[in-house]
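> pasting a predicted model and its sequence here:
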Amino acid sequence: MCGIAGIIYRNGDGEHAVGHDMTAMLQSMKHRGPDSTGYALYGPASELVVMRYKLADANDARDLEFARRLEHHKADVEARLRMLGARIHKIEKETAYAYRVTFEYDGELKAITDVVEDVPHAEVLSLGHSLEIIKDLGDAEQVAKQYRLDGFVGTHAIGHVRMATESDVDISGAHPYWAYPFGDVAVVHNGQLTNYFQWKHRLERSGHRFQSECDSEVIAVYLAEKMSDGYSLEDAMRESLEALDGVFTYICVTGDALGVAKDEMAAKPLVLYEADDIVALASEEIAIRAIVDHEIETWDPYEGEVMVWTR
C-alpha cells in the first residue's frame, strides 16, 4: 500500500523544522507502511558536499563480527575520498552502519559515488549540496529518533512509509531514491510502472546504474537526465506521463522545487493543501492535519496533472 508525503515552505529562508514536520506526517500514515521509513530532506544550500552512505543494513549490523569490520571499511571510504581530492570537514557516525560526511570537492559527483561504492557493502544514499536521504527500518518516530531528525532545519522534504510486497525488508529497498549521478534530485512514489524494465535497460545503456529493483529509482533518473538536457522540472514531469506506463502518483524534489504528477488513471490517492506559506501533500489528509493546526480544505489533483512549487 505505502504512503508518500511532501512539504515545501514558500518563503525559502531555510529556517523550518522540516525534519519534525515530515516525521509527524509519516507517523500519521504508519498503517500504510510499517516496514521502513525514508526521508529526503533539504537543508540550506551549501558550498560543501553532503554525502549520506551506509556500510550494511540494519539486520547485517546485528552480527557482531560483521559490525567490527565496518570500521575498516569506514577508513577505506575516507581514504578514497581524499585520494580524489575531497577536503573532508566532518564524518559523523549516525548509527552502527550509517554515516554522514561533509567535504569540499571540485570534481564530478559521479566519481565520488563510484569510488565509495567500490568499498565492500558500501551504498551511497544521497549526494549533493542540500539533499540528505535518511532511511531505515521501523516507523517514522523510530527512524527520526535514531537519526535525530527533529533537529533538522530546512526548506522542503519528501517522505515514504513502506509496506514491502515484492522485495526484502531492508534499507536498500526503502524509499526515497536519489537520481545517481545527479545531485539534489530525489523521488518517492506510490504505484507501479508496467514498462519499468524497458526504461531501466534504456537508461543503463546510457551509462546509468541502479542500486535497486525499485521503479521509483527509474523515475528519479529519468527526470534528472531530462533536466540535465535542459528541461525544467515541470516539463520533465510532463514528458514522464507520456513515457512511463502504469498506475502511479509520484513526488519529485530538486534543490529548490517540489513537484507532483499523477498518471492518466489517477488511481493512486494524493491530497493537497496549499497556503501562502506552505504546500503540503500526502496519500491521506490525516498527514496534512498532523502539521496544520487549523481548519483546512484539501483537494485531489486531477488525472494526468503535473504541479510544481518553488521555495
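Structure received. Numbers count the residues shown, from 1 in each chain.

> got the residue ranges for the strands in the stretch 1-150 of the chain?
For the stretch 1-150 of the chain, the strands defined by DSSP state E, counting those that start in this stretch occupy 3-9, 36-42, 49-54, 87-93, 98-104, 123-128, 131-137.

> neighbours of R80, just the number please.
18 (other CB atoms under 10 Å). Placement of C-beta: from N, CA and C, glycine included.

> same thing with G138?
Neighbours of G138 under the rule other CB under 10 Å: 16.

> for F210, which of the strands of the stretch 1-150 of the chain is the nearest?
Distance to F210, taken as CB to CB, is lowest for strand 123-128 among these, at 11.6 Å.

> helices or strands next to that closest one in the packing?
strand 49-54, helix 109-116, strand 131-137, strand 177-178 (3 or more CB pairs under 8 Å, 6 or more residues apart in numbering; DSSP states H and E).

> ok, which of those comes nearest E303?
Of all the helices and strands packed on strand 123-128, strand 177-178 sits nearest to E303, with 24.6 Å by CB to CB.

> the helix or strand just after the closest one pairs with which strands?
Per DSSP states H and E, the first helix or strand lying C-terminal to strand 177-178 is strand 186-193. Strand 186-193 has these partner strands in its sheet, going by DSSP bridges: strand 177-178 (antiparallel), strand 246-253 (antiparallel).

> tell me the gap between strand 186-193 and the middle of its chain.
Distance of strand 186-193 from the chain centroid (CA atoms, centre = their mean, to the nearest Å) equals 11 Å.

> now do the strands in the stretch 201-311 of the chain.
Under DSSP E, counting those that start in this stretch, the stretch 201-311 of the chain gives strands at 246-253, 257-262, 271-274, 278-282, 306-310.

> where in the stretch 51-200 of the chain is pLDDT low?
59-68, 164-168 (pLDDT under 70).

> again, 90 this time
Where the stretch 51-200 of the chain drops to pLDDT under 90, the residues are 55-74, 95-97, 108-110, 120-121, 162-175, 180-183, 191-193, 196-197, 199.

> before we move on, back to that, so which of the helices and strands packed on strand 123-128 is the most packed in?
strand 177-178 (a mean of 28; mean count of other CB atoms under 10 Å).

> for T37, which of the strands of the stretch 201-311 of the chain is the nearest?
Judged by CB to CB, the one of those that comes nearest to T37 is strand 278-282, at 13.7 Å.

> state the phi and psi torsions of the residue nearest to the spatial centre of the chain.
Against the mean C-alpha coordinate of the chain, by CA atoms, centre = their mean, the closest residue is P176 at 3.2 Å. When quoted as degrees, to the nearest 10, the phi and psi of P176 stand at phi -80, psi 170.

> output the longest helix belonging to the chain.
helix 64-83 (DSSP state H).

> hmm, who's touching it?
53, 55-56, 60-61, 88, 91, 93, 96-97, 99, 101, 103, 112, 115-116, 118-122 (CB atoms under 8 Å, 6 or more residues apart in numbering).

> care to break the protein down by domain?
3-45+130-310, 46-129 (automatic domain parsing).

> from S212, how far off is A220?
According to CB to CB, to the nearest Å, A220 and S212 sit 11 Å apart.

> which one of the two is surrounded by more residues?
Remark: of A220 and S212, A220 carries more neighbours, 28 against 16, as counted by other CB under 10 Å.

> that one against C252, yeah?
Yes. With contact defined as CB atoms under 8 Å, A220 counts as touching C252 (7.2 Å).

> touching both of these two, which residues are there?
Residues touching both A220 and C252 (CB under 8 Å, 6+ apart) are V185, A186, V187.

> what's the closest of the residues you listed to M22?
A186 (12.8 Å).

> surely that closest one is in contact with A179?
Yes. Contact status for A186 versus A179: in contact at 6.9 Å, counting by CB under 8 Å.

> between the two, which contacts overlap?
Contacts common to A186 and A179, judged by CB under 8 Å, 6+ apart, are A220.

> so these two - more neighbours on which side?
Neighbours were counted for A186 and for A179 using other CB under 10 Å; A186 has more, 32 against 27.

> which non-adjacent residue is nearest the more buried one?
Computed as CB to CB, 6 or more residues apart in numbering, the closest residue to A186 that is not its neighbour in sequence is A40, at 3.9 Å.

> and N195, how many neighbours?
N195, neighbours per other CB under 10 Å, totals 14.

> cool, and G207?
Applying other CB under 10 Å, we find 9 residues neighbouring G207.

> and V153, by the same measure?
Using other CB under 10 Å, V153 is surrounded by 14 other residues.

> now do the contacts for A45.
H129, S130, G255.

> now swap in S172 and tell me
D57, E123, Q211, S212.

> sorry, back to before: overlap of the contact sets of A220 and S212?
Common neighbours of A220 and S212 (CB under 8 Å, 6+ apart) are Y177.

> fine by me, we can end here.
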